[in-house]
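Turn this into a model:
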Amino acid sequence: MSELNLSGVLAVVTPENCREPVPAAVGGVEVRADLFDSREESLELVASVSKTRPVLVTPRHSSQGGGWKGTERERAAYCLEAFDRGASLADVEHGSEAAGELLGAGKPVLLSWHDFDGMITAEELDRLTLDMEMRGPAAIKVVPTAGRLGDAVRMLEWVAQKPAEGAARVGFAMGAAGGPSRILSLSRGAPWTYGAHGAGVAPGQLPVEQLTDLYRVDQLDLETRVYGVAGNPVKHSLSPQMHNPALRAAGLNAVYVPIYLSELSELEECWEPLGLDGLSVTIPFKLDALALASEVDGRASQAGAANTLVRVASESGWALHGYNTDFNGVLDPLERRLGSLADLDAAILGNGGAARGAVRALLDAGARPTIYYRSKERGGAVAEELGVSSGLLGELGSGNSHRVIINATPLGLKADDPSPVPGEVFDPDTLAFDMVYDPPETRFIQDALSKGAEVIRGDEMLVAQGLVQFELFTGQKASRQAFGSSLQAARATRGP
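Numbers count the residues shown, from 1 in each chain. Next up is the predicted model:
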């Protein structure tokens, strides 16, 4: 096997997952030798795996977050034995004695450098790169920890700046903010990236199956358009599982990625370097998104928040347009069941941002919403601001006259959460709508079903607003059924 026959996504194999079948789509396997108690066991694994796939062997030193317990001479000897057993490449840290010995012996080495605490400066990165390349390795790997999205962008740019005759560059940033660099590094010229085969061994490491099947990282290139969901937190979002299959079905060279931000202003320097053309915006940045947009639609203006940003060409280069598709998430499921919502009598439970959005959407459709809340002081002020009727949650009981009851409280997000209202408020003529989508079966929904009420689960709201976002991003329509099926499949794979 040649020195750099590893490519695409490498599955990271540890003692915990070494007996699990490696997905067929991977381009090689990294054996984390430092995590095995028995060196012979790891060497036997190298010999076995190398019969069908190229192997990168990594006896990571403790100073770089690894578990190697032997001396440097023993580490070099281990790597030499691994080469004899079929390994294609050995990862050893830049500046280590083991690296010097292996390079002196003419062995194919991936010189690596990690920082688990922070980001390397531009000047330090230049010096480090030059010093690493001077050693004559087969490839160099630089992996700091991102504190902001711009750090991930810097590592992508570093990969792309590899000289034609220089050593191959493997680079990305660890941590939540580094996520896009793991997904996009192959598109910038990195020969491979790393995927978790089971539990991840580094901060922010994504599962192999997500990298190969969901994000299709080996098919991305410099022409790939990037969309994403921006929030804090964002790891839990199921939007990538809906949008990416739809992008693939539409035949578009595009990917939809999670983008963790501390502040929305981090995006300012990243739109063009990432090829970022559109964003779904979630908590806590919807107000900031409205302020960032140079032009907003009527619903975003009316709601005082934008959950969608689209980058469009303008005379000055490009501009950001802001939209609010949360309106669609509320109205579409109701209109599909009830038709016109004019004069619809609806109860909105809660007085937070979700409740405000639901009220404004219903007012836009000509409905008659009433807010119900726990605190008259806070809830009453919201009702007065919106110009709608209101009451205390305790006033809702059997015989209520509301055709629709919408749960816009956070109750239901936890498995043991109670419903915000007693089951007696529901009857067979009630339509119960829960804005909580994770988990999909809340106590609110269960109580409504037990009384024979029709229900709208939060999943349907998520799909409805996502379909509009997809069309705003791409100009094409996605399948409602496909969006819903992708969401259910993702939930089943993720488990409880």
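
Run through the helices of the stretch 351-496 of the chain in chain order.
Taking DSSP state H, counting those that start in this stretch as the criterion, the stretch 351-496 of the chain carries its helices at 353-364, 376-386, 443-450, 458-474, 480-494.

actually the stretch 101-250 of the chain, sorry about that
122-134, 149-160, 179-184, 208-209, 239-249.

and these, which is most packed in?
Scoring these by mean neighbour count under mean count of other CB atoms under 10 Å gives helix 179-184 as the most buried, with a mean of 28. Bear in mind the C-beta positions are built from the backbone N, C-alpha and C, glycine included.

for that one, the distance to its chain's centre please.
10 Å (CA atoms, centre = their mean, to the nearest Å).

Show residues contacting that helix.
Contact with helix 179-184 is made by 146, 149, 152-153, 155-156, 171-173, 193-194, 204-206, 211, 215, 217, 220, 224, 226, 228, 255, 257-260, 274, as judged by CB atoms under 8 Å, 6 or more residues apart in numbering.

change it to 6 Å
152, 155, 156, 172, 173, 193, 204, 206, 215, 217, 257, 258 (CB atoms under 6 Å, 6 or more residues apart in numbering).

Just the buried residues of the residues you listed.
Among the contacts of helix 179-184, the ones that count as buried by 16 or more other CB atoms under 10 Å are 152, 155, 156, 172, 173, 193, 204, 206, 215, 217, 257, 258.

Check the spacing between the nearest residue to the third one once chain neighbours are set aside and residue 161 real quick.
With CB to CB, 6 or more residues apart in numbering as the criterion, residue 156 has its nearest non-adjacent residue at 4.9 Å, and that residue is residue 188. In this structure, residue 188 lies at 9 Å from residue 161, with CB to CB, to the nearest Å as the measure.

is it possible to export the contacts of helix 179-184 to JSON lines including distance to residue 361 and pLDDT?
As requested, these are exported to JSON lines (distance: CB to CB, whole Å; pLDDT from 0 to 100):
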{"residue": "152", "distance to residue 361": "35", "pLDDT": "98"}
{"residue": "155", "distance to residue 361": "41", "pLDDT": "98"}
{"residue": "156", "distance to residue 361": "38", "pLDDT": "98"}
{"residue": "172", "distance to residue 361": "40", "pLDDT": "98"}
{"residue": "173", "distance to residue 361": "38", "pLDDT": "98"}
{"residue": "193", "distance to residue 361": "41", "pLDDT": "97"}
{"residue": "204", "distance to residue 361": "36", "pLDDT": "89"}
{"residue": "206", "distance to residue 361": "35", "pLDDT": "94"}
{"residue": "215", "distance to residue 361": "32", "pLDDT": "97"}
{"residue": "217", "distance to residue 361": "37", "pLDDT": "97"}
{"residue": "257", "distance to residue 361": "28", "pLDDT": "98"}
{"residue": "258", "distance to residue 361": "26", "pLDDT": "97"}
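
out of the residues you listed, which are inside strands?
Residues from the contacts of helix 179-184 lying in strands, with DSSP state E as the criterion: 193, 257, 258.

Just confirm the second one contacts residue 228, I think it does.
Yes: Residue 257 is in contact with residue 228 according to CB atoms under 6 Å; the separation is 4.5 Å.

can you count the residues close to the nearest residue to residue 232 once chain neighbours are set aside?
Leaving aside its sequence neighbours, residue 232 sits nearest to residue 261 (CB to CB, 6+ apart; 5.8 Å). A count of neighbours around residue 261, defined by other CB atoms under 10 Å, yields 22.

and if you look at residue 288?
Residue 288: 18 neighbours (other CB under 10 Å).

Distance check, it against residue 168.
39 Å.

Might one say that the residue nearest to residue 232 is in contact with residue 229?
No: with contact defined as CB under 6 Å, residue 261 does not reach residue 229; the gap is 10.5 Å.

residues touching the most centrally placed residue in the chain, list them.
Centroid-nearest residue in the chain: residue 258, 2.9 Å away (criterion: CA atoms, centre = their mean). Contacts of residue 258 were listed using CB under 6 Å, 6+ apart, and they are 179, 229, 234, 237.

Next, the closest residue to residue 51 other than its chain neighbours: secondary structure please.
With CB to CB, 6+ apart as the criterion, residue 51 has its nearest non-adjacent residue at 7.1 Å, and that residue is residue 86. Secondary structure, DSSP: H, G, I helix; E, B strand; the rest coil: residue 86 is coil.

need the contact list for residue 86.
Contacts of residue 86 (CB under 6 Å, 6+ apart): 46, 47, 50.

ok, now how distant is the last one from residue 231?
I take that to be residue 50. 42 Å.

cool, residue 38 as well?
To residue 231, residue 38 is 43 Å away according to CB to CB.

what does residue 371 give?
Counting by CB to CB, the separation of residue 371 from residue 231 is 26 Å.

coming back round to it: more neighbours: residue 38 and residue 231, which one.
More neighbours surround residue 231 than the other of residue 38 and residue 231, with 23 against 9 (other CB under 10 Å).

nearest spatial neighbour of residue 418, skipping sequence neighbours?
Per CB to CB, 6+ apart, closest to residue 418 is residue 443, 5.7 Å.

if we can go back for a sec, which of the contacts of residue 258 tops the neighbour count?
residue 179 (25 neighbours).

Using TSV, lay out the ones in strands among the contacts of helix 179-184 together with distance to residue 428.
Output for the ones in strands among the contacts of helix 179-184, formatted as TSV (distance: CB to CB, whole Å):
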residue	distance to residue 428
193	54
257	44
258	41
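
For residue 60, grab the count of nearby residues.
Residue 60 has 21 nearby residues by other CB under 10 Å.

what's across from the closest residue to residue 128 other than its chain neighbours in the sheet?
Spatial nearest neighbour of residue 128, chain neighbours left out: residue 113 (6.2 Å); criterion: CB to CB, 6+ apart. Note on residue 113: beta-bridge partners by DSSP bridges are residue 142.

hang on, residue 113 packs against residue 92?
No: counting by CB under 6 Å, residue 113 stays clear of residue 92, with 10.8 Å between them.

more crowded one of the two?
In this view residue 113 and residue 92 are compared by other CB under 10 Å, and residue 92 has more residues nearby, 30 against 20.

does the more buried one have beta-bridge partners, and which?
Beta-bridge partners of residue 92, as defined by DSSP bridges: residue 111.

try residue 319
residue 312.

Quick check: it touching residue 292?
No: with contacts counted by CB under 6 Å, residue 319 stays clear of residue 292, the gap being 10.6 Å.

In terms of neighbours, single out the busier of these two.
Each of residue 319 and residue 292 has its neighbours counted (other CB under 10 Å); residue 292 has more, 19 against 14.

ok, the more buried one to residue 59 distance?
47 Å.

same question, residue 78
6 Å.

neighbour count winner among the two?
residue 59 (28 against 20).

What pLDDT does the model give the more buried one?
As summarised for this prediction, residue 59 has a pLDDT of 97.

Could you check what's spatially nearest to it, not counting adjacent residues?
With CB to CB, 6+ apart as the criterion, residue 59 has its nearest non-adjacent residue at 4.3 Å, and that residue is residue 33.

Residue 25 versus that neighbour, what's the distance?
24 Å.

Who has more neighbours out of those two?
Neighbours per residue (other CB under 10 Å) separate residue 33 from residue 25, with residue 33 holding more: 28 against 16.

got a list of what the more buried one touches?
Residue 33 sits in contact with 42, 57, 59, where contact means CB under 6 Å, 6+ apart.
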